[in-house]
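Chemist: sequence-free structure coming up:
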RNA sequence: GGUUCCGUAGCUCAGCUGGAUAGAGCAACAGCCUUCUAAGCUGUGGGUCACGCGUUCGAAUCGCGUCGGAAUCACCA
């Protein structure tokens, strides 16, 4: 039970005892007391005045007195205007901390029995991953972990957009002007080589617009199964996959289910027939099929072309239905940029009209673009920030900072390498994930690589500091050292309060599909620890019982930091 | 034009299911390393929470409107 709900519960009892009125516990407003005031938690009494028919401080005093005399955990109160500040006794904090210390997997919420699919990444196979994809991947990966921590069974999925005009363009350019170049012959990562082809094609088309006809012919040949085109397609996609695998591995991202559009693009046609039969869709004289959404404030939406071929939404309808069936999903989260808000609005609405009640359980995690100081990234203008380059430059920056600090003289080159990668990646991931997903964010290559302040490395460093103390401890300690009669300092109480909050934050992050909630929480926790560390001796503490209490406290801190950052896919080193 | 999202310190961002004097980091300035890792800590300065009206005991937070920015409204994916 959180302190907030504990107070809600007890305050409701108090109100019943004093005013003979039943109030819903959840309607009582409890928050952490602002630091300018005496107390730990605050009950807002303004809303209760209608019941008590008394002045705010009279009401506060009455409830406060009842709580102090009837609830052993509450030791003192003061009432300021409509705010009743309550102080908890040390026993409460000690019990609370001990419970956290003993929890086998603190932050893991009880099972909901629900299965949720999270689709993310879903790249095109005609160019390498860039900064925008990184935001998508990190959000998807992190949301998957958070939903799991919220007690759900999570299936991470991606659908590779491996067919279509875009890949044909790369294929066309490769045949025309790359002289049989391969990743092996050029020493280039496959996805980058194919990306070069795509750029080369764009140039060709600018000079000779008619080449687009050849590309379209290529696409038709692909659909017919022309052996030559299929072979070329398979070869070039193979290069891209090998390249993507490296990038995914560097980012630490994996999937449980990988779909390919070349296998799913025909799905959804039966649904169109079903929709026609049920009158959800209408057929125009030219044979094209439409869904009229004007009554819902949207437009008429095409779901099948006159020639019987699919459009984007057709296969999305079919894929969604197949997934809900095959995986017995309760819910489906799509991590896709906000330029597709309209698409998902339409998708949900059409599925609903088709009678699928799970349509309400589809969530579009719509995230904002990543912009550069010069504005939007444009591949045509060469201003995209390449994912591999970025990961590499973060690594180098971590290496530079570490070498300057000179604290790692005695570890092997291999361990150093792993550490630099951990720090560089931690900086990158945290930088992107700490921002509210739905907001457009700015990436400044010069300034964004910072390892001080509200950054991933700051939190990693804090963890390394704790580990350093734990390594040097010469006494054994454990949850039993959180004695009921321990006297935590004000700073220690603040730490316990923050630790108490962790499961609440996990729940909030899951409900809002926002890893940023966890990132900001981890930062607060690390910052609070550093202040504590600065003016509280631990190994130098002379009273052994106090020292053990502190060791156990910081050990719980380290565990919680690891768990929280783990939800963001960020690892914490034991030294740096 | 319709719809959706955004607008908080010089910059990057928290806070938004209504609560007390709106918080961090960066940048600037001033301090703290013979003492558990200075990637740290402490302090100073910095605000019309875009603007207006409304609801409320109370609004950065909710509603309406205005202004500014972005996205979208394809027989592209």
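Modeler: Received, thanks. Because the structure is predicted, anything quoted here is derived from the model rather than measured.
Chemist: Can you give me every residue that contacts residue A:197?
Modeler: Residue A:197 is in contact with A:126, A:169, A:170, A:171, A:173, A:174, A:178, A:236, counting by CB atoms under 8 Å, 6 or more residues apart in numbering. Using the backbone N, CA and C atoms, a C-beta is placed for each residue, glycine as well.
Chemist: now residue A:456
Modeler: Counting by CB under 8 Å, 6+ apart, residue A:456 touches A:423, A:426, A:427, A:428, A:429, A:430, A:431, A:565, A:570.
Chemist: Also within reach of RNA strand B: list those from the residues you listed.
Modeler: The subset of the contacts of residue A:456 within reach of RNA strand B, counting by CB under 7 Å from any atom of the strand, consists of residue A:423.
Chemist: from the contacts of residue A:456, which single one is nearest RNA strand B?
Modeler: Checking these against RNA strand B by CB to the nearest atom of the strand gives residue A:423 as the nearest, at 4.9 Å.
Chemist: Please give the element, helix or strand, for that closest one.
Modeler: Assigned by DSSP states H and E, residue A:423 falls within helix A:413-433.
Chemist: what helices or strands is that helix leaning on?
Modeler: Using 3 or more CB pairs under 8 Å, 6 or more residues apart in numbering; DSSP states H and E, the elements in contact with helix A:413-433 are helix A:131-149, helix A:227-251, helix A:387-405, helix A:456-472, helix A:515-535.
Chemist: Turn these into a markdown table, including mean pLDDT.
Modeler: As requested, the helices and strands packed on helix A:413-433 are arranged in a markdown table below (pLDDT from 0 to 100):
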| stretch | mean pLDDT |
| --- | --- |
| helix A:131-149 | 97 |
| helix A:227-251 | 97 |
| helix A:387-405 | 94 |
| helix A:456-472 | 97 |
| helix A:515-535 | 96 |
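Chemist: for those helices, which one ends up most surrounded?
Modeler: helix A:131-149 (a mean of 24; mean count of other CB atoms under 10 Å).
Chemist: before we move on, the earlier item: switch the contacts of residue A:456 over to a markdown table; also include neighbour count and pLDDT.
Modeler: Below are the contacts of residue A:456 laid out as a markdown table (neighbours: other CB atoms under 10 Å; pLDDT from 0 to 100):
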| residue | neighbour count | pLDDT |
| --- | --- | --- |
| A:423 | 28 | 97 |
| A:426 | 28 | 97 |
| A:427 | 25 | 96 |
| A:428 | 27 | 96 |
| A:429 | 26 | 97 |
| A:430 | 25 | 97 |
| A:431 | 20 | 96 |
| A:565 | 24 | 98 |
| A:570 | 26 | 98 |
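Chemist: how about the residues of the stretch 101-250 of chain A that lie near RNA strand B?
Modeler: Counting by CB under 7 Å from any atom of the strand, the stretch 101-250 of chain A sits next to RNA strand B at A:124, A:161, A:164, A:165.
Chemist: which one of these sits closest to residue A:327?
Modeler: Of all these, residue A:161 has the smallest distance to residue A:327: 20.6 Å, by CB to CB.
Chemist: Touching, that closest one and residue A:133? I think so.
Modeler: No. Residue A:161 is beyond contact range of residue A:133, at 12.0 Å (criterion: CB atoms under 8 Å).
Chemist: For those two, list the residues in contact with both.
Modeler: Listed as contacting both residue A:161 and residue A:133 by CB under 8 Å, 6+ apart are residue A:123.
Chemist: Would you map the strands across the stretch 201-350 of chain A?
Modeler: Counting by DSSP state E, counting those that start in this stretch, the stretch 201-350 of chain A has these strands, from start to end: A:257-260, A:281-283, A:289-292, A:300-304, A:331-337.
Chemist: is it possible to export those to a markdown table including mean neighbour count?
Modeler: Shown next, in a markdown table, are the strands of the stretch 201-350 of chain A (neighbours: other CB atoms under 10 Å):
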| stretch | mean neighbour count |
| --- | --- |
| strand A:257-260 | 16 |
| strand A:281-283 | 16 |
| strand A:289-292 | 19 |
| strand A:300-304 | 19 |
| strand A:331-337 | 21 |
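Chemist: So which of those strands is nearest residue A:13?
Modeler: From the strands of the stretch 201-350 of chain A, taking CB to CB, the stretch that ends up closest is strand A:331-337, at 37.1 Å.
Chemist: which secondary structure elements does the closest one contact?
Modeler: Packing contacts for strand A:331-337, counted by 3+ CB pairs under 8 Å, 6+ apart, involve strand A:115-119, helix A:131-149, helix A:312-326, helix A:341-353, strand A:362-367.
Chemist: Could you dump the helices and strands packed on helix A:413-433 into a markdown table with distance to residue A:544 added?
Modeler: Conversion of these to a markdown table gives the following (distance: least, CB to CB, whole Å):
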| stretch | distance to residue A:544 |
| --- | --- |
| helix A:131-149 | 36 |
| helix A:227-251 | 45 |
| helix A:387-405 | 33 |
| helix A:456-472 | 15 |
| helix A:515-535 | 19 |
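Chemist: quick one, which of those is nearest to residue A:48?
Modeler: Closest to residue A:48 of those is helix A:515-535 (CB to CB; 29.7 Å).
Chemist: Would you mind listing the buried residues in the very next helix or strand once past the closest one?
Modeler: Sequence-wise, the next helix or strand downstream of helix A:515-535 (DSSP H and E) is helix A:544-567. Buried positions in helix A:544-567, judged by neighbour count with 16 or more other CB atoms under 10 Å: A:546-567.
Chemist: now check stretch A:327-343, is it near RNA strand B?
Modeler: Yes. Applying CB under 7 Å from any atom of the strand, one finds stretch A:327-343 touching RNA strand B at A:338, A:339, A:340, A:341, A:342, A:343.
Chemist: out of those residues, which one sits closest to residue A:50?
Modeler: For the residues of stretch A:327-343 next to RNA strand B, the nearest to residue A:50 is residue A:341 (41.6 Å; CB to CB).
Chemist: pretty sure the closest one contacts residue A:364?
Modeler: Yes. Between residue A:341 and residue A:364 there is a contact under CB under 8 Å: 7.0 Å.
Chemist: Between these two, tell me which one has more neighbours.
Modeler: Neighbour count, other CB atoms under 10 Å: between residue A:341 and residue A:364, residue A:364 has more, with 20 against 12.
Chemist: Bridge partners for that one, pull those for me.
Modeler: Beta-bridge partners of residue A:364, counted by DSSP bridges, are residue A:334.
Chemist: what's near enough to touch it?
Modeler: A:333, A:334, A:336, A:340, A:341, A:344, A:348.
Chemist: Which two among those residues are spaced furthest apart?
Modeler: The widest separation within the contacts of residue A:364 (CB to CB) is 14.7 Å, between A:333 and A:341.
Chemist: Next, find the distance separating residue A:60 from residue A:378.
Modeler: 59 Å (CB to CB, to the nearest Å).
Chemist: So the two - more neighbours on which side?
Modeler: A side-by-side neighbour count of residue A:60 and residue A:378, using other CB under 10 Å, places residue A:60 first with 27 against 11.
Chemist: List the contacts of that one.
Modeler: Per CB under 8 Å, 6+ apart, neighbours of residue A:60: A:43, A:45, A:77, A:79, A:80, A:82, A:83, A:84.
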